[in-house]
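Chemist: Build the 3D model from these lines:
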Amino acid sequence: MKVQWKKNKNLKPSILLKKIDSLKVIEDGRVLFSGFEYRDAVLALESMISFPLIADDLDKHTLVQKTIGQVVKDYEIKSETFLSKLRENILLDVGKRDNIYYLLTSLSVNNLRVRKIAFQGCIFRFYKNNFPSKFKGRKELLNKNKPRSKVESDGYTKVVVEIKAKSENIAINKSMKTLDLLRSLFAIYSNSSAELIGNDWQPINKIRLGEFHTIHNESGKVFEECFWYDPSFLEARLFSLENEEPVIKNIRMIIDRLSKFERQYRYILHDALLRFVRAFDEKDQNIAVLRAWGALESIAAPNESNCDSVTTRCSFLFEDYEYHKQILEHLREYRNRNVHAGQESEMAKSYGFQIQRYFINIFLFHIRQQNTFHSIDEANRFLDLPADRDKLIFLQNMINKSLRFRGYT
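Modeler: Predicted structure coming up:
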């Protein structure tokens, strides 16, 4: 398990560690920090750390602060000492005994008939009207802390996520992330593909999260300090999932196939799905387009700076590939204008629907080809091939000639 600094010559964590060390004050054996610069330095330091995958769902900010407090007491912080102690703390956290937790939230879908879905170590259970009675502490907590009159959105499907985790914070992070992954799969089959008449400030996602989220222990008792809600919540129009049976069948198929990908390949697909679903939760369609293009880049050209790769690989999937390449080029051009010149468009929501179509196509390509490629790099090399028949035949002939020349045939 590696914990290391990110490989960027411009990042100098030693400068931040020196600043943190200069701000420490030791009183009665306790380490305190003076000044507002401490928080800035910790946030910057955290962003410079390359955490291992096993730390994905840990509270990284708390881990970094804890580690700083442990290594600053008696000597100036050294970068190697800090990383070594941080690694120890990560191992301690992931080595803790698992407990069962329940996340309670809701989704803007009604009349959902499916009762249970298992995904990524989580079990999702769906309830039409009310949560099970053992979770009554939720209602009491919401009544005490609610920022508005209603404690539950009318008609929303109630969701209980069961998860085994080391702590309630880890349970929250992992269950919310997995719930968003599940929502992304629902979005593939429930979002509209276009909109002739609609509200430009209504997010593209049909199935969105409810306002309030609570975490409970195995007996159902609520953790009061972990109550949270979305301050920018916009109540969604209730969505009814038509043809639910084939949709759920397809979602279960995708879940099964995702589990069979090589770990790094699966990680990239999961990351792309999270970007995709969170982009289309946005009310501001110009922001949604920027985030959605980022989702498309993350699956079509992960860890690459070659801007042409996205348009080439996505258009390869279509018979009329030259036409689709032009649509993708127009989307990339709009994205660049928005990022670099701040230019926005009244047609942004239409652009979002276009990006959504390309994202769904390339994601489903990877799912359907799950047994074909060993890595996403291998899949992308396939998508880099020319789509023109004559060019492919020419390449095939050249490869055959090379095999004969090397004596391999």
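Chemist: okay but residue 55 is in contact with residue 89, surely?
Modeler: No - in this structure residue 55 lies outside contact range of residue 89 using C-beta atoms under 8 Å: 9.7 Å. Every C-beta, even on glycine, is put in place using the N, C-alpha and C of the backbone.
Chemist: Find residues that contact each of the two.
Modeler: Any residue near both residue 55 and residue 89 by C-beta atoms under 8 Å, 6 or more residues apart in numbering counts here, and that gives residue 63.
Chemist: Residue 100 falls within a strand, correct?
Modeler: Yes - according to DSSP: H, G, I helix; E, B strand; the rest coil, the state of residue 100 is that of a strand.
Chemist: quick one: contacts for it?
Modeler: Contact partners of residue 100, counting by C-beta under 8 Å, 6+ apart, are 162-164, 217-218.
Chemist: What's opposite it in the beta bridge?
Modeler: residue 164 (DSSP bridges).
Chemist: Neighbours of residue 267, how many?
Modeler: Neighbour count of residue 267, defined by other C-beta atoms under 10 Å: 15.
Chemist: Roughly how far does it sit from residue 59?
Modeler: Taking C-beta to C-beta, to the nearest Å as the criterion, residue 267 is separated from residue 59 by 20 Å.
Chemist: what does residue 258 give?
Modeler: According to C-beta to C-beta, residue 258 stands 26 Å off from residue 59.
Chemist: before we move on, what about residue 66?
Modeler: The span separating residue 66 from residue 59 equals 9 Å under the rule C-beta to C-beta.
Chemist: quick check: mean pLDDT across whichever helix in the chain runs longest?
Modeler: Here the longest helix in the chain is taken by residue count, with DSSP state H as the criterion, and it is helix 168-190. Summarised as a single mean, pLDDT over helix 168-190 is 95.
Chemist: Can you mark which positions in it are buried?
Modeler: Using 16 or more other C-beta atoms under 10 Å as the test for burial, helix 168-190 gives 168-190.
Chemist: which secondary structure elements does it contact?
Modeler: If contacts are counted by 3 or more C-beta pairs under 8 Å, 6 or more residues apart in numbering; DSSP states H and E, helix 168-190 sits against strand 99-107, strand 116-119, strand 122-127, strand 157-165, strand 212-216, helix 244-258, helix 263-279, helix 348-368.
Chemist: any chance of these in TSV, with distance to residue 299 and mean pLDDT too?
Modeler: Formatted as TSV, the entries for the helices and strands packed on helix 168-190 read as follows, by distance: least, C-beta to C-beta, whole Å; pLDDT from 0 to 100:
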stretch	distance to residue 299	mean pLDDT
strand 99-107	24	96
strand 116-119	19	97
strand 122-127	23	97
strand 157-165	25	96
strand 212-216	28	94
helix 244-258	13	97
helix 263-279	4	97
helix 348-368	6	96
